[in-house]
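Participant: Give the three-dimensional model of this entry:
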Amino acid sequence: MATNLSLSSKVEVFPCPNCRQTINTSMHTCPFCSAAIDRTAADASAEVFAQVNQACSDASYLKIMAGSALTFFLVQFIPFLGLVGALGFRFVEVALPFMSIRWWIRFGSLKTDDPDYARARRIAKWTAVGSILFLTLVIILSIIFRRLIP
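Facilitator: Alright, predicted model coming up:
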């Protein structure tokens, strides 16, 4: 009995509507609870499941970028590492708002009751708010320092 699996075959998974265990869309019944699986509903659920997973992954990247912004900001004051910190901070200064806006455009209107998505949404919201406040503070401080030091 040969199976037709290739590296390009796409495996789609979704939570069983009965027991919430993650199963493959090709299943006719859930192997965990034996519930019948509707192929159309399974495909639609797999699409939402994939979007939720991507939203969680992208929110994790936002959180890491926000942490790196603070790190790069502080590193620019260390001798011999100042240029690296300054360049890194300037990159994150531009990339973080762009990536936050991108997250909200792609995933902000997603309708799901998945608790992981709710957590990702909170991360994206606070990362956006925090980055705006932090960057505003940096801009204000740089204006003050430029006026104090001619």
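Participant: so where do the helices sit in the chain?
Facilitator: Ranges of helices within the chain are 39-75, 82-107, 115-148, based on DSSP state H.
Participant: Same list, the ones you listed, but as JSON lines with distance to Phe32 please.
Facilitator: Backbone N, C-alpha and C define where each C-beta goes, glycine included. Formatted as JSON lines, the entries for the helices of the chain read as follows, by distance: least, C-beta to C-beta, whole Å:
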{"stretch": "helix 39-75", "distance to Phe32": "14"}
{"stretch": "helix 82-107", "distance to Phe32": "28"}
{"stretch": "helix 115-148", "distance to Phe32": "20"}
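Participant: Now render those as JSON lines, adding distance to Asn24 and mean neighbour count.
Facilitator: Formatted as JSON lines, these follow (distance: least, C-beta to C-beta, whole Å; neighbours: other C-beta atoms under 10 Å):
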{"stretch": "helix 39-75", "distance to Asn24": "9", "mean neighbour count": "16"}
{"stretch": "helix 82-107", "distance to Asn24": "24", "mean neighbour count": "15"}
{"stretch": "helix 115-148", "distance to Asn24": "20", "mean neighbour count": "14"}
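Participant: What's the local residue count around Ser109?
Facilitator: By other C-beta atoms under 10 Å, 7 other residues sit near Ser109.
Participant: how close does the most centrally placed residue in the chain sit to Thr40?
Facilitator: Of all residues in the chain, the one closest to the mean position by C-alpha atoms, centre = their mean is Asp58, 1.7 Å from it. Using C-beta to C-beta, to the nearest Å, one obtains 28 Å as the distance from Asp58 to Thr40.
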